[in-house]
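Novice: with the sequence up front, the predicted model follows.
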Amino acid sequence: MGNVHPLEVPGGRPRRVPRYREIARRFARAIEDGILATGERLPSMRQLREDEGVSISTVSRALAELEELGLVSARPKSGYYVRPRIRLPTPEPVRPRTVAGATAVSVSELVARVYRDAQDPRIVHLGYASPATSLLPTLALARTMSAVARRDPVASVAQEMPPGLLELRSAISRRALGWGCLLPAEDLVITSGATEAVYLSLLAVANRGDTVAIETPAHYGTLQAIESLGLKALEIPCDSDTGMDLDELERRLDQHPASAVVSVPNFSNPLGSCMPDSSKERLVRRLAARGVPLVEDDVYGDLAFAGARPRPAKAYDADGNVLYCGSFSKTLVPGYRVGFAAPGRFRDRFELLKFAMNESTPTITQRTLAQFLRGGGYDRHLRWLRARLETNVARISAAIGEGFPDGTRISRPRGGCFIWVELPGGVDALDLHARALDAGVSIAPGHIFSPSQAHRNCIRLNCGEPWSEQIEAAVRLVGRLASRLRPPGDTIPTRTRLT
Ligand SMILES: Cc1ncc(COP(=O)(O)O)c(C=O)c1O
């Protein structure tokens, strides 16, 4: 699998699913299903070339991909063999202890400390939640930006007042059609990242002292917004596969009236869960019936590893009750700070708040993105990026399976760029964070994902760095440190043991 971004190669246009990948996926499935057993030899390269009717280089790319996934290994002068299956920890739902009521939020200092301490450039970053810049089409973006500025230097320096550049809003509107959402350009407001979109959404619907229901664990940025707006958070437990527990949400809302619910239905941060469409529909309908707005944060929706992009909950919004927030930060360009919102019936208030907050979002980045989307570069990039992230998640999962203490559980995300790791009881994630940092590796401790610090024995690991021996060594090092931190005599049920 090449490391060079396809948009950085003149004329590089990968097919929808390249042939080598199709072959690799089929063999990966055969290994998963036990059709090819551990130790079994794969057909020779020559045989594969004949069977598949492809070139030898396509065959060797397919085999390299299977090797990268840790499914086969090459034996010199002999061929490729199925590796022993690594049994991964059972991905049981990560259930936090029950949190009684709405809590005041105070995580900002801890978040700032955790990330400030990890500033050293020599640190291996497993603590972030974004694709590395080396996985982004930096040259193509630079070329687009300079072409845009040269073509219309005056418009590029003028301010683009809210709701933001029409061309960009129209391009987003067209993309949304493909996710089952009718979002006319006039319903959209461009923001400075999803951070601002979520912040303004909360500002539009809640007053100081109000309660907001959130996922637990939740993205710490949401917690920081809640904290700075003087709101209280009501934590709703989540399943690591399907997201927010909607029965529990309804029960809690009956007891604690809330002004809004914030959710990341697609590949949530940090769990990586993806809510089924039927649950999204139920969530939207029930909240509309209660008159409680839903702030939907969909920054990872474009990062599905396989199949169609999951629909947002907004696709089911018939009442304008969903304030949809999106961004290009996690998929294309974090530094441009371009996000957007479709705030439904709160649109006018949202636009006023955007203007009051900082007048506008920078023009040149909006123009560059509009041009980039028009040229088809985004879709080509996304196809490549998703494949890289899928491989990284598989490799990091395998490294955790091999190197973490017995009793470790991990999420199995089907999109996004991180893994949530639940460590055996007794391991304190902040302690682990400090020790890992001393050894040159950053991780995100579970403490920063909950106002009640309900996830003290959990960490989030970033899968957005290109796979390398250094990353593998870093994951194994965190595993060794976690094993050492585990208190003596801490036993676990056999069904969760790694074998
Ligand atoms: C769920 C979620 N929402 C929003 C953001 C921030 O997005 P942006 O960089 O566009 O402000 C992040 C960043 O990590 C995130 O994980």
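Specialist: Good, I have the coordinates.

Novice: ok, and what's touching stretch 108-122?
Specialist: Contact with stretch 108-122 is made by 125, 127, 220, 223-224, 227-228, 433, 437, 440, 442, 444-445, 447-448, as judged by CB atoms under 8 Å, 6 or more residues apart in numbering. Yep, even glycine has a C-beta here, placed from its N, CA and C like the rest.

Novice: hmm, which two among the residues you listed are most spread apart?
Specialist: Ser228 and Gly440 (32.3 Å; CB to CB).

Novice: in its sheet, what does the lengthiest strand in the chain sit against?
Specialist: Assignment by DSSP state E gives strand 232-239 as the longest strand of the chain. Paired neighbours of strand 232-239 in the sheet (DSSP bridges): strand 103-104 (antiparallel), strand 211-216 (parallel), strand 243-244 (antiparallel).

Novice: may I have that strand as PDB, with CA atoms only?
Specialist: Written as PDB, here are the backbone C-alpha positions of strand 232-239 (Å, rounded to 0.1, in the frame of the first residue of the first chain):
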ATOM      1  CA  LYS A 232     -24.400  21.400  33.700                       C
ATOM      2  CA  ALA A 233     -23.900  18.100  32.100                       C
ATOM      3  CA  LEU A 234     -26.100  15.000  32.500                       C
ATOM      4  CA  GLU A 235     -24.000  12.000  31.500                       C
ATOM      5  CA  ILE A 236     -25.800   9.300  29.400                       C
ATOM      6  CA  PRO A 237     -24.000   5.900  29.200                       C
ATOM      7  CA  CYS A 238     -23.000   4.700  25.700                       C
ATOM      8  CA  ASP A 239     -22.500   1.400  24.000                       C
END
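
Novice: chain center to that strand, what's the gap?
Specialist: Centre-to-centre, strand 232-239 and its host chain are 19 Å apart (CA atoms, centre = their mean, to the nearest Å).

Novice: thinking Phe355 is in contact with Pro163, fair?
Specialist: No: counting by CB atoms under 8 Å, Phe355 stays clear of Pro163, with 9.5 Å between them.

Novice: sorry, back to before: now what about the longest strand of the chain, what contacts it?
Specialist: 93-96, 98-99, 101-105, 209-218, 223, 226, 244-245, 248-249, 252, 256, 258, 261, 268, 271, 273, 450-452, 454.

Novice: among those residues, which lie within strands?
Specialist: Those of the contacts of strand 232-239 lying in strands (DSSP E): Thr103, Ala104, Thr211, Val212, Ala213, Ile214, Glu215, Thr216, Met244, Val261.

Novice: sort out which of those residues are buried, if you could.
Specialist: Thr103, Thr211, Val212, Ala213, Ile214, Glu215, Thr216, Met244, Val261 (16 or more other CB atoms under 10 Å).

Novice: grab the two from those residues that are most spread out in space.
Specialist: The span of those, defined through CB to CB, is set by Thr103 and Met244 at 17.3 Å.

Novice: would you turn the ones in strands among the contacts of strand 232-239 into a markdown table with distance to Pro362?
Specialist: Listed next are the ones in strands among the contacts of strand 232-239 as a markdown table, based on distance: CB to CB, whole Å:
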| residue | distance to Pro362 |
| --- | --- |
| Thr103 | 36 |
| Ala104 | 34 |
| Thr211 | 34 |
| Val212 | 29 |
| Ala213 | 33 |
| Ile214 | 30 |
| Glu215 | 31 |
| Thr216 | 34 |
| Met244 | 34 |
| Val261 | 31 |
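
Novice: which of these sits closest to the ligand?
Specialist: Taking CB to the nearest ligand atom as the measure, the ligand sits nearest to Glu215 out of the ones in strands among the contacts of strand 232-239, at 9.7 Å.

Novice: quick check: Gly403 vs Thr365, distance?
Specialist: Relative to Thr365, Gly403 is positioned 40 Å away (CB to CB, to the nearest Å).

Novice: between those two, which one's more packed in?
Specialist: When neighbours are counted by other CB atoms under 10 Å, Gly403 and Thr365 differ, and Thr365 comes out ahead with 23 against 19.

Novice: for the more buried one, which non-adjacent residue is spatially closest?
Specialist: Among residues not flanking Thr365 along the chain, Tyr336 sits closest, at 3.8 Å (CB to CB, 6 or more residues apart in numbering).

Novice: which one of the strands paired with strand 232-239 lies nearest to Ala62?
Specialist: If we rank the strands paired with strand 232-239 by CB to CB, the stretch that ends up nearest is strand 243-244, at 33.8 Å.

Novice: can you pull up the most central residue in this protein?
Specialist: By CA atoms, centre = their mean, the chain has its centre lying nearest to Gly416, at 3.1 Å.

Novice: could you find the closest non-adjacent residue to that residue?
Specialist: Leaving aside its sequence neighbours, Gly416 sits nearest to Phe267 (CB to CB, 6+ apart; 3.4 Å).

Novice: just checking, what packs against whichever strand or helix holds Val421?
Specialist: Using DSSP states H and E, Val421 sits in strand 418-422. Applying 3 or more CB pairs under 8 Å, 6 or more residues apart in numbering; DSSP states H and E, we find strand 418-422 packed against helix 377-403, strand 409-410, strand 458-462.

Novice: ok, it: who's next to it in the sheet?
Specialist: If you go by DSSP bridges, strand 418-422 pairs up with strand 409-410 (antiparallel), strand 458-462 (antiparallel).

Novice: ok and whichever helix or strand comes after it relative to strand 458-462, angle-wise?
Specialist: Counting by DSSP H and E, the next helix or strand C-terminal to strand 418-422 is helix 429-438. Put simply, helix 429-438 runs at 40 degrees to strand 458-462, going by axes from the mean of the first three to the mean of the last three CA atoms, to 10 degrees.

Novice: so what secondary structure elements neighbour helix 429-438?
Specialist: So helix 429-438, by 3+ CB pairs under 8 Å, 6+ apart, packs with strand 444-445, strand 458-462, helix 469-485.

Novice: again, 6 Å this time
Specialist: For helix 429-438, the packing partners by 3 or more CB pairs under 6 Å, 6 or more residues apart in numbering; DSSP states H and E come out as strand 444-445, helix 469-485.

Novice: quick check: which of those is buried the most?
Specialist: Per residue and on average, the most neighbours among these fall to strand 444-445, with a mean of 26 (mean count of other CB atoms under 10 Å).

Novice: quick check: residues of the stretch 101-250 of the chain near the ligand?
Specialist: For the stretch 101-250 of the chain, the residues in contact with the ligand (CB under 6 Å from any ligand atom) are Ala129, Gly193, Ala194, Thr195, His219, Gly221.

Novice: what's the closest non-adjacent residue to the second one?
Specialist: The shortest distance from Gly193 to any non-neighbouring residue, by CB to CB, 6+ apart, is to Gly339 (4.3 Å).

Novice: what about the one you found, how many residues nearby?
Specialist: Neighbours of Gly339 using other CB under 10 Å come to 23.

Novice: how about it, what does it touch?
Specialist: Each residue near Gly339 by CB atoms under 6 Å, 6 or more residues apart in numbering is listed here: Thr191, Gly193, Ala194, Ala197, Ser327.

Novice: which of those count as buried?
Specialist: Applying 16+ other CB under 10 Å to the contacts of Gly339 flags Thr191, Gly193, Ala194, Ala197, Ser327 as buried.

Novice: rewinding a little: partner residues bridging the residue nearest to Gly193?
Specialist: With DSSP bridges as the rule, Gly339 is bridged to Thr191, Ser327.
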